[in-house]
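[1] need a structure here:
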Amino acid sequence: MKQRSRVAKRRRTVPAAAALFILMVLCFLPACGSRKTEEQVPVQEEEDRIQIGLSFDSFVIERWQRDRDAFVARAAELGADVNVQNANGDVEEQIAQIEYLIEKKMDVIAIVAVDSQRLSDVVAKAKREGIRIIAYDRLITDAGADLYISFDNERIGQMMGESIAANTPAGGKVFMMCGSPEDNNVSLVEKGFRSVMDRTDLEIVETAYADNWLAELGYTAVGEYLDGGGELDAVMCGNDDVASQVIKALSERRLAGEVCVVGQDAELGACQRIVEGTQTMTVYKSIEKLAMRAAESAVALARDGEVKTGGTYFDGTWDVPYIGLEPVAVTENNMQVIIDDGYHLEEDIYLNVNREE
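    Numbering: from 1, shown residues only. Model (predicted):
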């Protein structure tokens, strides 16, 4: 019995020792080197991925969240990572966040400027580091960005003017409730609007601005004007958020639906007000098209350093490569454009409207 035990023990020991020896040998074979190489491949791929910084003014305005989501999704499809920063309307915070993106060695930084005139220095710093800059939706003045992509803002202003001219009696009084004066687009929209007004007999009785895009300032400005005895036939609003507050002021004075109100961005609330009859028109800008085109341009700039554009736009110092997309004026008559694009659902737009009557 004891002999069999020793034999059995020896038989168990030999395979174990052999297995240990084989394992040690395998560790020095090329296969181990191959496994190490395979483990390194994803790391290398991660290092090669394009890094894009996306700096927003704020997410107070409804549309910017749509821009973010569409941009990030398209960039991911193209193999790029996006670092999103939100300045909450504070230009100093935006400058600090752009400097952070510079330190993170982004390949491209796309910027929705809080203040179009105060970012030239930090943009210059980024460009010295070899980082490409996209002025997204809003021009950055005197900065020499690598690309400016937006909608035709003068045309937006013209559309607003044309809508008011068509829906306001001769000699009517118009209140201009513009957006933030720090936003370069505001001056362009105003220019386009005034170019139409100059061809009519309508009178611009007041011009006010919503500093930092605070929509409540529209409520205050229009309310104070009316309470002071002013008369109104139409209000041009910097965007639909401002329009919502202007219409609130009109409603409290039983003037909603009696005064022509126009805005831009095609927010859901604005589309609802249009079919309800308290807002006349909004300018629809296909956010997905803009964001996707910007993401594609960012990737192209990172890879090849070039983007095909339709021309240039003077930023005050340099001619910046420019991509301009066409806006669409939307009224009750062509609301289907919004629905067909999938921007808002039909049942949401007509939520408060009985369409069977």
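[2] Going by C-alpha atoms from here, please, whenever you check contacts or count neighbours.
    OK.
[3] ranges for the strands of the stretch 201-350 of the chain?
    203-209, 234-237, 260-264, 281-284, 311-314, 319-325, 328-330 (DSSP state E, counting those that start in this stretch).
[4] nearest to R132, of those?
    Closest to R132 of those is strand 319-325 (CA to CA; 12.4 Å).
[5] quick one: the residue most central in space within the chain from V122, how far?
    The residue lying closest to the centre of the chain (CA atoms, centre = their mean) is D67, at 3.7 Å. Using CA to CA, to the nearest Å, one gets 23 Å for the distance from D67 to V122.
[6] same question, A113
    12 Å.
[7] who has more neighbours, the two?
    Per other CA atoms under 10 Å, whichever of A113 and V122 has more neighbours is A113, with 29 against 17.
[8] Wasn't the more buried one part of a strand?
    No: counting by DSSP: H, G, I helix; E, B strand; the rest coil, A113 falls outside a strand, being coil.
[9] Quick one: neighbours of the residue nearest to it when sequence neighbours are not counted, just the number.
    Sequence neighbours aside, D57 is the residue nearest to A113 in space, at 5.8 Å (criterion: CA to CA, 6 or more residues apart in numbering). If you count neighbours by other CA under 10 Å, D57 ends up with 22.
[10] Need the pLDDT of D57.
    On the pLDDT scale, D57 is placed at 91.
[11] Would you agree it is in contact with V84?
    No: using CA atoms under 8 Å, D57 is not in contact with V84, being 11.1 Å away.
[12] Let me have the strands of the stretch 201-350 of the chain in CSV, adding distance to V186, mean pLDDT and mean neighbour count as columns.
    Shown next, in CSV, are the strands of the stretch 201-350 of the chain (distance: least, CA to CA, whole Å; pLDDT from 0 to 100; neighbours: other CA atoms under 10 Å):
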stretch, distance to V186, mean pLDDT, mean neighbour count
strand 203-209, 9, 98, 17
strand 234-237, 11, 98, 27
strand 260-264, 12, 98, 28
strand 281-284, 14, 98, 26
strand 311-314, 16, 94, 14
strand 319-325, 16, 95, 20
strand 328-330, 17, 98, 21
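[13] Mind putting those strands into a markdown table with distance to M176?
    Shown next, in a markdown table, are the strands of the stretch 201-350 of the chain (distance: least, CA to CA, whole Å):
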| stretch | distance to M176 |
| --- | --- |
| strand 203-209 | 5 |
| strand 234-237 | 5 |
| strand 260-264 | 10 |
| strand 281-284 | 15 |
| strand 311-314 | 26 |
| strand 319-325 | 25 |
| strand 328-330 | 18 |
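[14] out of the ones you listed, which comes closest to Q97?
    strand 319-325 (23.3 Å).
[15] which outside residues touch that closest one?
    144-152, 290, 309-314 (CA atoms under 8 Å, 6 or more residues apart in numbering).
[16] That strand pairs with which strands?
    Here strand 319-325 is paired, per DSSP bridges, with strand 147-151 (parallel), strand 311-314 (antiparallel).
[17] a markdown table for the ones you listed, including distance to G130?
    Below are those laid out as a markdown table (distance: least, CA to CA, whole Å):
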| stretch | distance to G130 |
| --- | --- |
| strand 147-151 | 14 |
| strand 311-314 | 21 |
